[in-house]
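> I would like the atomic coordinates for the input below:
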Amino acid sequence: MTAIHETTTGQEQTTMLINVKNLQKTYGSGSTAHVAVRDVSFEAAVGEFVCVVGPSGCGKTTLLRCLSGLMPPTGGAVNLHGKPISGPPREMGLVFQEYNRSLFPWMSVRRNVELPLRKLFRGAERAAAVQEALTAVGLQGHEDKYPWQLSGGMQQRVAIARAIAYRPEILLMDEPFASVDAQTRIELEDLLLDLKAKYGITIVFVTHDIDEAVYLADRIVVLSEPPCVVREYLNVPLPRPRSQTETKALPEYSRLRNHVYNQIVGEH
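Okay, the predicted model is just below:
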């Protein structure tokens with residue numbers, strides 16, 4: 001793996017995977033121009049879980065689309081392994097919020113997960129990758145069902161399985177649990193932490209849920225009101241593995257949660 005750069009603090013060394021530098025995005029031009037992202041910079045290290053939070057409508061989804069290569073920035077740059085991203089890179093997986101629109105209803109669960117693997121693996125190797133991904137998200141036994149036969153939470157598990165099946169180095173997630181109920185959200189959060197621990201994937205996770213960000217992240221990027229800039233980079237030193245009951249009972253969890261809340265709501 002080629003590093004973007006390495007930073008050393010004392011004896012600790014961190015390898016950066018993705019670097020976002022002075023990213024800007026403007027829609028339109030002239031008097032009708034709309035600035036969605038004014039100036040955003042941050043990095044994500046190999047194996048790091050970075051959450052991006054901010055007020056509603058501040059440009060989080062636009063930012064993620066620029067990171068994924070689906071949308072070109074107006075200014076600044078997004079580098080992966082030190083090279084500018086000019087289109088969706090092979091090393092990246094993307095999970096959307098609207099799972100019911102990202103899955104193909106006429107395809108079985110197996111075929112939905114298999115789709116991005118068709119040019120990468122053949123025969124038994126592809127079948128094994130699909131089965132491993134579905135087992136990792138707890139969907140063994142549901143391979144031949146169709147998305148419309150599954151609950152919302154199970155459909156999002158299919159979307160996650162499809163994203164991890166070809167083992168991306170970095171996973172971008174755009175509010176992926178916003179459309180499910182509270183209990184399912186808790187289950188999916190813990191599933192995601194298990195997958196990160198198992199595969200060592202770097203994750204950049206956009207969310208409007210402050211509790212979710214503090215529970216999941218190693219580091220939080222707090223965005224401002226639109227057009228957004230970075231208000232703060234916040235380290236989350238909560239111990240891992242994390243627990244919905246034990247972690248959220250820690251005084252440090254409450255302190256961090258209140259701090260991020262005040263950063264976002266206080267701006268209003």
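
> Check which residues of stretch 71-84 are buried.
71, 73-74, 76, 78-81 (16 or more other CB atoms under 10 Å). All C-beta spots, glycine's among them, are computed from the backbone N, C-alpha and C.

> so where's the stretch 101-250 of the chain shaky on pLDDT?
Applying pLDDT under 70 to the stretch 101-250 of the chain flags no residue at all.

> now the helices for it?
109-114, 123-136, 152-164, 182-199, 210-216 (DSSP state H, counting those that start in this stretch).

> Tabulate those in JSON lines, adding columns for distance to Ser86 and mean neighbour count.
Compiled in JSON lines, these are given as follows (distance: least, CB to CB, whole Å; neighbours: other CB atoms under 10 Å):
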{"stretch": "helix 109-114", "distance to Ser86": "27", "mean neighbour count": "22"}
{"stretch": "helix 123-136", "distance to Ser86": "27", "mean neighbour count": "16"}
{"stretch": "helix 152-164", "distance to Ser86": "21", "mean neighbour count": "23"}
{"stretch": "helix 182-199", "distance to Ser86": "26", "mean neighbour count": "16"}
{"stretch": "helix 210-216", "distance to Ser86": "29", "mean neighbour count": "22"}
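
> Quick check: which of those is nearest to Gly59?
In terms of CB to CB, the element of the helices of the stretch 101-250 of the chain nearest to Gly59 is helix 210-216, at 16.4 Å.

> now that closest one, how far from the centre of its chain.
13 Å (CA atoms, centre = their mean, to the nearest Å).

> before we move on, what about stretch 176-183?
Offset of stretch 176-183 from its chain centre (CA atoms, centre = their mean): 15 Å.
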